[in-house]
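K.L.:
next comes the sequence, and after it the predicted model I'd like to discuss.
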Amino acid sequence: MLVATDFSEASTHAVGRAGHLPLADGAKVLVTHVLPSRMPAEVGSRALQATARELERVAERLRNMLRAEGSSATVDTHIARGKPVEAILRRARAFGAELIVLGRHGDKPLRNMFLGSTAENVIRGGDLPVLIANRRAPGPYLRPVVAVDADETSKRAASFVPTLMTPGSELTLVHAYDVPLEYAVFPGLTAKEYKHYRQTFKATAERKLKAFAAGARCGRHPVPPGDGERRLTLHRPRVRGRPGRGPAGAGHPGALRCGVRVARQRRDGPHP
């Protein structure tokens with residue numbers, strides 16, 4: 001696992017999140033900072049030394065967090081040179097990383113319109129899973145939600161996310177479906193016809209998601225449903241997870257629960 005840091009608050013959140021991930025025994029973690037490829041000679045040496053010291057402090061904090069979680073993972077540091085996105089992706093490939101973790105800074109609308117944020121460009125420019133930490137991590141993931149649309153990318157996401165979770169966690173798959181021309185068609189239908197019209201598209205969405213869940217890396221043993229937001233409770237079978245492999249070979253707990261929910265997309269207009 002590669003953890004990229006620029007020593008900002010956002011990067012602190014990324015390090016904290018990395019410290020709560022369930023890594024495999026013997027996993028390797030690399031904490032990386034990127035310096036410009038060209039720096040004035042009078043500041044280059046001092047900047048390199050200061051960066052090395054700060055990077056080691058970050059790495060030591062991560063080591064302590066992982067030890068507290070019972071992990072035997074090793075944590076090393078690396079100072080890269082060049083443009084941040086290119087350097088992060090290059091180092092991740094060379095390191096053989098299975099996951100990149102980094103923080104996301106506040107929005108800069110004008111800049112991001114033309115260049116995109118570092119986090120977004122790392123996602124777009126690479127072929128490795130990327131975990132973005134938006135805020136401080138109070139602990140392991142307990143109730144992640146994966147938005148799916150039944151394509152191959154969604155299957156990979158639904159299979160990978162459980163490897164970031166700990167025993168007793170619950171994974172929810174959410175699929176938002178649409179009822180075409182719903183408010184245009186409604187005035188010409190009876191209440192019974194309109195109900196049938198909606199149910200037809202709901203049933204189609206449920207069939208697609210059921211087939212998706214069967215192909216994803218989750219088991220199919222029912223467990224009791226829990227409470228949730230009403231807009232996500234149209235369809236809620238629950239299933240138990242199967243053991244799997246995570247970042248750097250992390251084990252996936254058999255106690256993981258995987259839920260499936262279907263939600264209609266919300267539209268402006270009257271709600272019959």
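P.N.:
Received the coordinates, thanks.
K.L.:
just the strands in the stretch 101-250 of the chain please.
P.N.:
Assigned by DSSP state E, counting those that start in this stretch, the strands in the stretch 101-250 of the chain fall at 130-133, 145-147, 170-177, 238-240.
K.L.:
where does the chain dip in pLDDT?
P.N.:
Along the chain, segments meeting pLDDT under 70 span 106-116, 182-186, 216-272.
K.L.:
measure the residue sitting nearest the centre point of the chain to Ser45 for me?
P.N.:
Nearest residue to the geometric centre of the chain (CA atoms, centre = their mean): Leu131, 4.9 Å. To Ser45, Leu131 is 34 Å away according to CB to CB, to the nearest Å. C-betas here are computed from N, CA, C, even on glycine.
K.L.:
any idea which helix or strand comes after whichever strand or helix holds Thr51?
P.N.:
Assigned by DSSP states H and E, Thr51 falls within helix 41-68. Using DSSP H and E, the helix or strand that follows helix 41-68 towards the C-terminus is strand 74-81.
K.L.:
give the other helices and strands that that following strand contacts.
P.N.:
Counting contacts by 3 or more CB pairs under 8 Å, 6 or more residues apart in numbering; DSSP states H and E, strand 74-81 packs against strand 28-35, helix 41-68, helix 84-95.
K.L.:
select, out of the ones you listed, the one closest to Val145.
P.N.:
Taking CB to CB, helix 41-68 is the member of the helices and strands packed on strand 74-81 nearest to Val145, at 24.7 Å.
K.L.:
for the closest one, name the packing helices and strands.
P.N.:
Packing partners of helix 41-68 (3+ CB pairs under 8 Å, 6+ apart): helix 9-18, strand 28-35, strand 74-81.
K.L.:
hmm, try it at 10 Å
P.N.:
strand 2-4, helix 9-18, strand 28-35, strand 74-81 (3 or more CB pairs under 10 Å, 6 or more residues apart in numbering; DSSP states H and E).
K.L.:
for the longest one, packing partners?
P.N.:
Looking back up the chat, that one is helix 9-18. In terms of contacts (3+ CB pairs under 10 Å, 6+ apart), helix 9-18 is packed against strand 2-4, strand 28-35, helix 41-68, strand 100-103, helix 118-125, strand 130-133.
K.L.:
distance from the helix holding Thr51 to the middle of the chain?
P.N.:
Per CA atoms, centre = their mean, to the nearest Å, the displacement of helix 41-68 from the mean C-alpha position of its chain is 26 Å.
K.L.:
possible to save the helices and strands packed on helix 41-68 as TSV with mean neighbour count and distance to Arg53?
P.N.:
Formatted as TSV, the helices and strands packed on helix 41-68 follow (neighbours: other CB atoms under 10 Å; distance: least, CB to CB, whole Å):
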stretch	mean neighbour count	distance to Arg53
strand 2-4	28	17
helix 9-18	21	16
strand 28-35	22	11
strand 74-81	17	10
